[in-house]
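Chemist: next input, structure requested:
(chains A and B)
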Amino acid sequence: MTTTMIEGVPPDPMLERRELIQQVAHRTLKRRMFVSKAVVASLGAALVAALIPLFAILFSLVQKGIHWWSIDFFTKTPQFPSLIDPNAVGGIENALVGSLVIDGIAALFAVPIGVITGLFLAESDSRLANALRSTAEIMTGLPSILLGIFAYQMIVIGFHEWGIALPGIGFSGIAGSFAIGILMIPVIIKASETALRSVPFTIREAGLALGARKGVVARKVIIPTAMPGLITAVLLALSRAVGETAPILWVIGASTVTTWDPTHEMASMPLQIFQSATSPYTSLREETWGIALTLVVVVLFINLGSRLLAGWLQRERR
Amino acid sequence: MTPVVSATATKEPDVRSGPVAMRLENVAVSFNGRTAIRGATFEVPKNKVTALIGPSGSGKTTLLRAINRLHDLTKGAVVSGSLLLGDTDVYSGGIPPTLLRTRVGMVFQRPNPFPTMSIYDNVVSGLRFNGIRKKSVLDEAAESSLIAAALWDSVVDRQKAHASTLSGGEQQRLCIARALAVEPEVLLMDEPTSSLDPISTRLIEELLDELKSRVTIIIVTHNMQQAARVSDLCAFFLMGEDRAGEQIEVAPTQKLFSEPDDQRTLDYIQGRFG
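Modeler: Numbers count the residues shown, from 1 in each chain, chains lettered A, B, ... in the order given. Below is the predicted model of the structure:
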């Protein structure tokens, strides 16, 4: 690239600059391409480094856990190994039912509270909303074991001390639902606020311009539009709740029989893992892998399900 | 550039001699103490098209949104002056904003159909929001307003389809149908064709002429040719020294585009700025 110079005419600064830019661009091209490739390679390495532990966990879970899966495993209650049958471990039906009931009841009260608060935060910029938002943020960071202590104080011993007798007071599924639900609320609040805020303002305006009250716009327009995001919010909170151990550790009573009645002592999967893993019997310790695999598969299904459901809702609109 | 002269043939001597739908008297809007538009004073002729024109920042859209009280949603927005819809004072508590908005409909810059609703549900949404449940009423309103919005023929067989299956121009006509279904007295249109292609734009412009018999139209437009083509009365706004929009001149469209009273209007329509 050369500029043709004509005698007596001063060089055009624009052409000189163009030439300089071209020269430097050519000279540095190799170096820049090398840097670019090096960065991409290190990103790939970081990705692999992050995935190795994840796959290692999944691999050992499947390897050591899958052979525990059987009809009995899912339909029987735990047995303790004895001299006659040192390998008897029974099943985890009690824990499956317990998790379902405890987390189901937790979701039953956490979802409406969480979504309605999220809606309030998305629609209002009042001081109360800001205070609530900060509170929710602090609550997401709260160590979950504190909720266990709280539920223990309130439900397990609190009402007894206050002389109030209600079904479910004492060690019970309800006490666990209480702890898990409180854990879910801030997660649902934050995620549903984000989902509801993502509804374009022009859509709200369209509703209001038709004479609808704010509440009607929220119910008929904003919530349906944000539904895929809301479902994801709820299911992600649920998948977190299913795996939480600390809040229920000493409030649900760790029953070894299967019961659907939440006012009784119950079992749950994470608690069963804790108990089996710390048991003195080798066979029970080994069985932990089977329960852990079950828990991971449940969480995986909730996550996958939320994605499929949200994606399906999104597609329905096209 | 040559002056943009209205191509429309002779109109009645002065559109301002007929019945009046709305009266604006010294209307001003400010946000957190900063005035966005002031001094809007004119009468909106009934069953005519009134265009609000002017360059960016002249406060046209701000004024339009004051008419159906959409500024109520904005913190720090203050509307002053007097705005009458018939005999009803729009602002002094004479009418709740939600009821006002059923009498003064609006079409926005970009088509904004409700994404979760079908074509039919979109059209009747305004009725449902306001408590009308009777199927026969909803059906009649849907048909009548889809016909009025020149959309009936293309959607009659797929009213259950989602609104997002329509093209941009069809979506905007759906939004017009949705606004009409509530049978408003006044229809506000905020640059309704600015995001549309020329053919969709022409369709909507032609539509305005037919809609006049049904509803009084106030339209904001950047496009002077459009104002000249579709409007009967024209209000011209400019940004003043303090960056606040002001009303410069209001006149029948043909007069405003051929022999405006104000030199600034002439400069604008001749393309000297803006």
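Chemist: how about the helix or strand bottoming out on mean pLDDT in chain A: buried residues?
Modeler: Counting by mean pLDDT, DSSP states H and E, the weakest-scoring helix or strand in chain A turns out to be helix A:159-161, with a mean of 77. Within helix A:159-161, no residue counts as buried by 16 or more other CB atoms under 10 Å in any protein chain shown. Where C-beta positions appear, they are placed from N, C-alpha and C, glycine not excepted.
Chemist: mind listing what's buried in the helix or strand that it is followed by?
Modeler: On the C-terminal side of helix A:159-161, the nearest following helix or strand under DSSP states H and E is helix A:173-197. Buried positions in helix A:173-197, judged by neighbour count with 16+ other CB under 10 Å: A:173-196.
Chemist: for chain A, which helix is longest?
Modeler: helix A:13-65 (DSSP state H).
Chemist: return the distance of it from the chain's centre.
Modeler: A distance of 31 Å separates the centroid of the chain from that of helix A:13-65, by CA atoms, centre = their mean, to the nearest Å.
Chemist: stretch A:99-110 too?
Modeler: 15 Å.
Chemist: repeat for stretch B:252-269
Modeler: 21 Å.
Chemist: over to it now: how far is its first residue from its last?
Modeler: Using CA to CA, to the nearest Å, the end-to-end distance of stretch B:252-269 comes out at 14 Å.
Chemist: average pLDDT across that stretch?
Modeler: Here stretch B:252-269 scores 91 as its mean pLDDT.
Chemist: list the buried residues for it?
Modeler: For stretch B:252-269, using 16+ other CB under 10 Å, the buried residues are B:252, B:253, B:254, B:255, B:256, B:257, B:258, B:260, B:265, B:266, B:268, B:269.
Chemist: torsion angles phi and psi at the spatially closest residue to the first one that is not a sequence neighbour?
Modeler: Okay, so that is residue B:252. Distances taken as CB to CB, 6 or more residues apart in numbering or on different chains place residue B:15 nearest to residue B:252, at 5.3 Å, with adjacent residues excluded. The phi/psi pair for residue B:15 (degrees, to the nearest 10) reads phi -60, psi -20.
Chemist: what is the burial count for residue B:15?
Modeler: Other residues near residue B:15 come to 24 when the count uses other CB atoms under 10 Å in any protein chain shown.
Chemist: pretty sure it contacts residue B:49?
Modeler: No. Using CB atoms under 8 Å as the test, residue B:15 is too far from residue B:49 to be in contact (9.3 Å).
Chemist: check which helix or strand residue B:236 maps to.
Modeler: Applying DSSP H and E, one finds residue B:236 within strand B:233-239.
Chemist: same check, this time on residue B:251
Modeler: Residue B:251 belongs to strand B:245-252, assigned by DSSP H and E.
Chemist: who's in contact with residue B:201?
Modeler: Residue B:201 sits next to B:169, B:193, B:226 when contact means CB atoms under 8 Å, 6 or more residues apart in numbering or on different chains.
Chemist: excluding its backbone neighbours, what's nearest the last one?
Modeler: Once flanking residues are discounted, residue B:226 sits nearest to residue B:205: 6.5 Å by CB to CB, 6+ apart.
Chemist: give me the next element, helix or strand, following the helix or strand where that neighbour lies.
Modeler: Per DSSP H and E, residue B:205 falls inside helix B:198-211. Where DSSP H and E defines the elements, the next helix or strand beyond helix B:198-211 is strand B:216-220.
Chemist: please name the strands paired to that next one in the sheet, noting orientation.
Modeler: strand B:49-53 (parallel), strand B:186-190 (parallel) (DSSP bridges).
Chemist: so which of the ones you listed is nearest residue A:50?
Modeler: Among those, strand B:186-190 comes nearest to residue A:50, with 48.9 Å by CB to CB.
Chemist: and for residue 271, the neighbour number?
Modeler: You didn't pick a chain, so chain A it is. 26.
Chemist: chain B is the one I meant
Modeler: For residue B:271, using other CB under 10 Å, the count is 12.
Chemist: how close does it sit to residue B:166?
Modeler: Note on residue B:271: its distance to residue B:166, by CB to CB, to the nearest Å, is 35 Å.
Chemist: what do you get for residue A:248?
Modeler: When residue A:248 is compared with residue B:166 (using CB to CB), they lie 51 Å apart.
Chemist: and for residue A:143?
Modeler: Computed as CB to CB, the residue A:143 to residue B:166 distance reads 52 Å.
Chemist: ok, now residue A:92?
Modeler: If you go by CB to CB, the gap between residue A:92 and residue B:166 works out to 53 Å.
Chemist: ok, those two, which is more surrounded?
Modeler: residue A:92 (29 against 21).
Chemist: give me the element the residue nearest the centre of chain A is part of.
Modeler: The centroid of chain A falls nearest to residue A:236 when counting by CA atoms, centre = their mean (3.5 Å). In this assignment (DSSP H and E), residue A:236 forms part of helix A:223-243.
Chemist: where's that helix relative to the chain centroid, distance-wise?
Modeler: 8 Å.
Chemist: what does the stretch 1-150 of chain B put close to chain A?
Modeler: B:68, B:70, B:73, B:75, B:98-102, B:105-106, B:108, B:110, B:112-117, B:125-126, B:128-130 (CB under 8 Å from any CB of the partner chain).
Chemist: of those, which belong to strands?
Modeler: Mapping the residues of the stretch 1-150 of chain B next to chain A onto strands (DSSP state E) picks out B:105, B:106.
Chemist: nothing else from me, thank you.
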